[in-house]
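In: Okay, structure incoming, though there's no sequence with it:
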């Protein structure tokens with residue numbers, strides 16, 4: 001046996017917090033404005049959650065009587081809790097499914113285009129609605145596509161032999177109108193994200209598959225789509241974080257928040273309910289705060305649960 005002894009290998013020390021700041025100070029300076037906005041709008045208002053447990057009085061803020069969970073009981077016993085929650089989840093589930101599916105399909109089609117001008121043109125046309133205000137988008141949909149007269153939708157229905165629909169008196173299709181409008185407005189943005197992910201795939205993978213005799217559809221199925229899974233997971237988790245928010249601005253401008261012909265039964269979401277609670281004749285900040293807290297807690301549970309499921313499948317695809 002040799003008498004030589006080998007010294008144990010020392011693990012490299014991780015740079016401390018100060019050294020990390022010193023090395024990457026430029027990146028941290030860029031983060032500061034966003035961090036300040038996040039702190040101001042997400043953390044500074046947190047003490048106001050106590051309003052959800054009070055009979056809030058604007059004239060005597062600090063002496064409002066404590067009522068415990070009575071505001072939550074009112075919301076759940078009013079009959080609105082079930083309808084607003086199911087409407088919100090249903091709309092957001094369809095947002096998630098259809099936006100991702102259509103965005104992936106469009107990204108693949110744009111990637112297969114060989115003409116540079118055509119690719120740029122279609123990208124700009126698809127991305128344009130994302131820059132429109134929800135007010136403009138809603139009025140385009142109401143006045144041009146789904147008016148009570150012969151708008152685009154009724155012209156298509158009449159062309160195929162159907163009867164024109166009086167949309168303002170027919171509440172059943174409005175959830176799908178909201179979904180269609182949301183997808184039309186946001187699909188261009190997500191298409192650009194998926195297209196960027198596709199552009200980052202190593203071309204050698206396609207070349208190796210082509211050498212093995214794989215056709216282009218097979219390359220898309222067995223190379224492109226699996227490589228998009230991380231992006232799909234991240235965008236889906238971010239969407240689930242807003243699952244309890246139903247795109248308030250769009251819904252309010254499309255429906256006006258008015259219960260005509262039972263329209264609210266199909267389109268009322270948690271955000272519109274809260275808005276009516278703080279702007280109606282019987283303004284009640286306590287109930288609005290209670291519903292908002294319920295919305296945030298359920299949203300956090302959905303994000304944490306979804307992230308846990310993703311981590312069980314693949315750790316690298318999770319947000320945290």
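Out: Sure, I can see it. All values derive from a computational prediction rather than experimental measurement. Numbering: from 1, shown residues only.

In: Next up, phi/psi of residue 172, please.
Out: Main-chain dihedrals, residue 172, degrees, to the nearest 10: phi -60, psi -40.

In: which residues does it contact?
Out: residue 266 (CB atoms under 8 Å, 6 or more residues apart in numbering). Glycine gets a C-beta too; all of them are placed from N, C-alpha and C.

In: ok, so what distance separates it from residue 266?
Out: To residue 266, residue 172 is 6 Å away according to CB to CB, to the nearest Å.

In: now swap in residue 219 and tell me
Out: Going from residue 219 to residue 266 by CB to CB gives 43 Å.

In: and the gap between residue 40 and residue 240?
Out: The spacing between residue 40 and residue 240, counted by CB to CB, is 25 Å.

In: For the residue lying closest to residue 145 once chain neighbours are set aside, report the pLDDT, please.
Out: Leaving aside its chain neighbours, residue 145 sits nearest to residue 152 (4.8 Å; criterion: CB to CB, 6 or more residues apart in numbering). Looking at residue 152, its pLDDT reads 90.

In: Between residue 40 and residue 240, tell me which one has more neighbours.
Out: Between residue 40 and residue 240, residue 240 has the larger neighbour count (other CB atoms under 10 Å), namely 20 against 10.

In: Check which helices and strands the strand or helix carrying the more buried one sits against.
Out: Assessed by DSSP states H and E, residue 240 sits inside helix 229-241. In terms of contacts (3 or more CB pairs under 8 Å, 6 or more residues apart in numbering; DSSP states H and E), helix 229-241 is packed against helix 80-112, helix 174-199, helix 285-313.

In: Now render these as a markdown table, adding mean neighbour count, mean pLDDT and distance to residue 68.
Out: Converted to a markdown table, those look like this (neighbours: other CB atoms under 10 Å; pLDDT from 0 to 100; distance: least, CB to CB, whole Å):
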| stretch | mean neighbour count | mean pLDDT | distance to residue 68 |
| --- | --- | --- | --- |
| helix 80-112 | 18 | 92 | 18 |
| helix 174-199 | 19 | 92 | 35 |
| helix 285-313 | 17 | 87 | 11 |
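
In: mind putting those in CSV, distance to residue 57 included?
Out: Output for the helices and strands packed on helix 229-241, formatted as CSV (distance: least, CB to CB, whole Å):
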stretch, distance to residue 57
helix 80-112, 24
helix 174-199, 36
helix 285-313, 9
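
In: Looking at those, spot the one closest to residue 47.
Out: Of all those, it is helix 285-313 that lies closest to residue 47, at 11.6 Å by CB to CB.

In: Let me know the angle separating that closest one from helix 80-112.
Out: Angle, helix 285-313 to helix 80-112, by axes from the mean of the first three to the mean of the last three CA atoms, to 10 degrees: 50 degrees.

In: which intervals of the stretch 1-150 of the chain have sub-threshold pLDDT?
Out: Low-confidence segments of the stretch 1-150 of the chain, defined by pLDDT under 70: 1-15, 61.

In: For residue 136, which of the helices and strands packed on helix 229-241 is the nearest?
Out: helix 174-199 (10.1 Å).

In: next one: the closest one to chain centre, how far?
Out: 10 Å (CA atoms, centre = their mean, to the nearest Å).

In: what's residue 193 in contact with, if anything?
Out: By CB under 8 Å, 6+ apart, the neighbours of residue 193 are 103, 231, 235.

In: Next, count neighbours for the second one.
Out: The number of residues packed near residue 231 is 20, by other CB under 10 Å.

In: For burial, what's the neighbour tally of residue 271?
Out: Considering only other CB under 10 Å, residue 271 is surrounded by 21 other residues.

In: how near is the residue nearest in space to the middle of the chain to residue 37?
Out: The C-alpha lying nearest the average C-alpha coordinate of the chain belongs to residue 239 (CA atoms, centre = their mean; 3.5 Å). Using CB to CB, residue 239 is found at 22 Å from residue 37.

In: for residue 112, same thing?
Out: From residue 112 over to residue 37 (counting by CB to CB), the distance is 40 Å.
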